[in-house]
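Asker: following is a predicted model, sequence given first.
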Amino acid sequence: MRYAETEIKSIAQLMKGTAVATKILEGVKIEVEKLKASGARAGVAMVLLSKNIATRQYFYAARRACVKAGVGVFEY
């Protein structure tokens, strides 16, 4: 059975990645603040083992996201 073109278009949904990422980041910030209020500290240990440029870019992007969310970053 084949779907008509109009049916396929109505099933698909376009997602805007930036908006989704912002919403997730805001949720993480709220959870981090709850942890801080209870006396706990959120943190991520990061180890960079590669000299590959793409790996370094991913590493630094992850670090920036953690800082934006209020999560401590410990680099080794």
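Answerer: Received the coordinates, thanks.

Asker: bridged to Val73, which residues?
Answerer: With DSSP bridges as the criterion, Val73 is bridged to Val44.

Asker: and Ala37, how far from Val71?
Answerer: Distance from Ala37 to Val71, counting by Cβ to Cβ, to the nearest Å: 15 Å. Any C-beta I mention is one placed from the backbone N, CA and C, and that applies to glycine too.

Asker: Val20 too?
Answerer: Distance of Val20 to Val71, given as Cβ to Cβ: 19 Å.

Asker: comparing the two, which residue is more hemmed in?
Answerer: Neighbours around Val20 and Val71, counted as other Cβ atoms under 10 Å, are more numerous at Val71. The numbers are 18 against 10.

Asker: okay, now the closest residue in space to that one that isn't next to it in sequence: neighbour count?
Answerer: Nearest residue to Val71, sequence neighbours excluded (Cβ to Cβ, 6 or more residues apart in numbering): Ala42, at 4.7 Å. By the criterion of other Cβ under 10 Å, Ala42 has 16 neighbours.

Asker: name the residues that touch whichever helix or strand Cys66 is part of?
Answerer: Using DSSP states H and E, Cys66 maps to helix 53-69. Helix 53-69 is contacted from outside by Leu25, Val28, Lys29, Val32, Val44, Met46, Leu48, Ser50, Gly72, Val73, Glu75, using Cβ atoms under 8 Å, 6 or more residues apart in numbering.
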